[in-house]
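>>> One predicted model, sequence on top.
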Amino acid sequence: MICARFLSCALFLIDQKQRSVWDLTIPHFMLGTVASFLNFV
């Protein structure tokens, strides 16, 4: 839960800087892919 909080804050900062939801797609996809390969999900 703590890791999810830090990830949420990091993605929020990216969103505030870029002002576009599409710029969050790549980090979100890559983190999900890495998590699935490491069997975290």
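Great, that's in hand.

>>> ok, now which ones touch the spatially most central residue of the chain?
The C-alpha lying nearest the average C-alpha coordinate of the chain belongs to H28 (CA atoms, centre = their mean; 3.9 Å). By CB atoms under 8 Å, 6 or more residues apart in numbering, H28 lies in contact with L11. C-beta here means a position set from N, CA and C on the backbone, and glycine is covered the same way.

>>> helices or strands next to the longest helix along the chain in the packing?
For the chain, the helix reaching the highest residue count under DSSP state H is reported as helix 2-18. Counting contacts by 3 or more CB pairs under 8 Å, 6 or more residues apart in numbering; DSSP states H and E, helix 2-18 is packed against helix 25-37.

>>> pLDDT averaged over the helix it packs on - what is it?
Here helix 25-37 scores 85 as its mean pLDDT.

>>> so the longest helix of the chain versus helix 25-37, what angle?
Angle, helix 2-18 to helix 25-37, by axes from the mean of the first three to the mean of the last three CA atoms, to 10 degrees: 160 degrees.

>>> Contacts for helix 2-18, please.
Contacts of helix 2-18 (CB under 8 Å, 6+ apart): 21, 23-24, 27-28, 31.

>>> try it again with 6 Å
Contact with helix 2-18 is made by L24, as judged by CB atoms under 6 Å, 6 or more residues apart in numbering.
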